[in-house]
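K.L.:
sequence unavailable; structure follows:
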C-alpha cells in the first residue's frame, strides 16, 4: 500500500515541529498584565466638524474591545485612559476631475485628518504610548464626505491600535 505524496509531506512536517517549543503566544496583545479595561475620553476637537469627535470615540471603543480584548469602563474605574486632540480636518481637496471639459466638476475629493493621542496607565500614571500628528486621508465622491471621513477615522484608529500594541 502506497501513501500519497501529500500525506508523506504532512507527516514529515508534523514530526519536524513536534519537538519544537514556541515561546510566543497570542494572548493579551502585548499589554501590561494590569490593563484589562479602557476609557476612551472624548477627544478635544479643534475643528469645525462636530461629528468627528463621536465617530472617532466610537471607532476606538470598538477596536480596543475587538482587537485588544479590553473592556470599556468609566474613567474612574478604567485601567487605562485614551485621550487626545483632533488637531486638523480639511476637506474638499480635489483629486480627480470630470473628463468633460464643459464641466468643471471634481469627480473625487480627498480629506485629511490629524490627531494627537496618548494612552495612560491609571495605576502608575505613566504614559504607555503617545503620538502627535497622526495623519490619515480619505477619498470620497461628490456629496459623500461621510465615506471619506469614515476611511480617515478607520486609518487613524488602526494606527493608534497598532502603535500602542507595538510599544507596550
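P.N.:
Okay, I see it. Here the structure is a predicted model, which means the values were calculated and not measured. Numbers count the residues shown, from 1 in each chain.

K.L.:
where's the lengthiest helix in the chain relative to the chain centroid, distance-wise?
P.N.:
Counting residues, the longest helix in the chain under DSSP state H turns out to be helix 145-167. Relative to its parent chain, helix 145-167 has a centroid offset of 4 Å by Cα atoms, centre = their mean, to the nearest Å.

K.L.:
next SSE after the helix or strand of the chain with the lowest mean pLDDT?
P.N.:
Of all the helices and strands that make up the chain, helix 5-18 has the lowest average by mean pLDDT, DSSP states H and E, namely a mean of 54. Going down the chain from helix 5-18, the next helix or strand is strand 37-40, by DSSP states H and E.

K.L.:
in its sheet, which strands sit next to that following strand, and in what direction?
P.N.:
Here strand 37-40 has these sheet partners by DSSP bridges: strand 71-72 (parallel), strand 80-97 (parallel).

K.L.:
can you give the contact residues for the longest helix of the chain?
P.N.:
With Cβ atoms under 8 Å, 6 or more residues apart in numbering as the contact definition, helix 145-167 has outside contacts at 29-31, 49, 51-52, 55-56, 59-60, 63-64, 67-68, 82, 91, 109-113, 115, 117, 119, 128-129, 131, 134, 136-141. (C-beta placed from N, C-alpha, C; glycine too.)

K.L.:
if we can go back for a sec, quick one, which of the strands paired with strand 37-40 gets closest to residue 45.
P.N.:
Proximity of these to residue 45 was assessed by Cβ to Cβ; the nearest stretch is strand 80-97, lying at 4.8 Å.

K.L.:
show me where the chain dips below the pLDDT cut-off.
P.N.:
Applying pLDDT under 70 to the chain flags the ranges 1-31, 94-106, 167-168.
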